[in-house]
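Chemist: Need a 3D model of the following:
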Amino acid sequence: LGTTCMHIAAKHEEMYPPALEEFSFITDNTYEIKHILRMEQIVMKMLNFSLSGPTSYTFLQYYLIHLKSLVSTDDHKCLVLLSNYLCTLTLLHDQPFSSYRSSMIAASCLLLSNQLLNINMNWSNHYTQLTTYTEYDLNECMLALTDLHLKTSFEDKRTSSLLRRYLTMINNDDLYKKRIRDIIYHSKLQDEDDIFDLTLDEFDVSHMSMEHH
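Modeler: Next up, the predicted model:
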């Protein structure tokens, strides 16, 4: 069963999945190709041939596309950056959000981004129609998301690389990027020197990686 699930996952995710012979080989030829194929039929039938569903990231991209015409270009850029950052945080710290639907998590990321950016403080009928959630529906998930956002730090191994990556992405003089930087790193960096040091570290790591290759 385990080998068959690996085979199915490889076919689903990889452009060039390993050949069936390789999966048979890793079982020390305990199971032949015909056994793996038979188990694949059983597994797929049990799953009703449904291997994946929309994630919070999927819903978020859908929401952002539909909101593009309703806000300014810079506001939309800010929404995209900040809501994607928050959404990624929920994937890295999935335990507090395991009881919420993916669509609700995405809507909460969008609502919190709206509030932090002060773009549209009111969750209007349009948002409710788009996401199917009222602001009240999102209260509990929003509290968990806000708590996660405030507690995220460079000391957390799960989020340190994410913070550094976003810092590199938004470390220039574009006004909309400054807005995002102020929100994400408001209590995580003491001054501009910290930003400079971290981006230098990021450059050094990338440079060393290139030299290694």
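Chemist: what's the domain layout of the protein?
Modeler: Annotated domains of the chain cover 2-46, 54-213 [automatic domain parsing].
Chemist: From the chain's centroid, how far away is the shortest one?
Modeler: Relative to the mean C-alpha coordinate of its chain, domain 2-46 is positioned 29 Å out (Cα atoms, centre = their mean, to the nearest Å).
Chemist: before we move on, back to that, quick one: the domains of the chain as CSV, columns for mean neighbour count and mean pLDDT too.
Modeler: Using the backbone N, CA and C atoms, a C-beta is placed for each residue, glycine as well. Formatted as CSV, the domains of the chain follow (neighbours: other Cβ atoms under 10 Å; pLDDT from 0 to 100):
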stretch, mean neighbour count, mean pLDDT
domain 2-46, 13, 92
domain 54-213, 16, 78
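Chemist: Distance check, the residue most central in space within the chain against Ile184.
Modeler: Relative to the mean C-alpha position of the chain, the nearest C-alpha, by Cα atoms, centre = their mean, is the one of Thr88, at 2.9 Å. Thr88 is 11 Å from Ile184, where distance means Cβ to Cβ, to the nearest Å.
Chemist: does His149 really touch Thr90, like I thought?
Modeler: No: applying Cβ atoms under 8 Å as the test, His149 and Thr90 come out as separate, 9.9 Å apart.
Chemist: Surely the residue nearest to the centre of the chain and Leu163 touch.
Modeler: No: the criterion here is Cβ under 8 Å, and Thr88 misses it with Leu163 at 10.5 Å.
Chemist: What strand or helix carries Leu116?
Modeler: Using DSSP states H and E, Leu116 maps to helix 102-117.
Chemist: tell me how far that helix is from the chain's mean position?
Modeler: Computed by Cα atoms, centre = their mean, the chain-centroid distance of helix 102-117 equals 13 Å.
Chemist: which helices and strands does that helix pack with?
Modeler: In terms of contacts (3 or more Cβ pairs under 8 Å, 6 or more residues apart in numbering; DSSP states H and E), helix 102-117 is packed against helix 56-67, helix 73-92, helix 125-131, helix 139-151, helix 175-184.
Chemist: tell me what the fourth one is packed against?
Modeler: Packed against helix 139-151 by the contact rule (3+ Cβ pairs under 8 Å, 6+ apart) you find helix 73-92, helix 102-117.
Chemist: got it, and the longest one?
Modeler: For helix 73-92, the contact count by 3+ Cβ pairs under 8 Å, 6+ apart identifies helix 56-67, helix 102-117, helix 139-151, helix 157-169, helix 175-184 as packing neighbours.
Chemist: OK, contacts around the residue nearest to the centre of the chain?
Modeler: Thr88 makes contacts with 57, 162, as judged by Cβ atoms under 8 Å, 6 or more residues apart in numbering.
Chemist: For Asp94, give its distance to Ile36.
Modeler: Asp94 sits 31 Å away from Ile36, going by Cβ to Cβ.
Chemist: my bad, Thr152
Modeler: Separation of Thr152 from Ile36 (Cβ to Cβ) stands at 43 Å.
Chemist: ok, now Cys109?
Modeler: Separation of Cys109 from Ile36 (Cβ to Cβ) stands at 40 Å.
Chemist: And Lys11, by the same measure?
Modeler: Between Lys11 and Ile36 the distance is 11 Å, computed by Cβ to Cβ.
Chemist: Ok, Leu111 next?
Modeler: Distance of Leu111 to Ile36, given as Cβ to Cβ: 46 Å.
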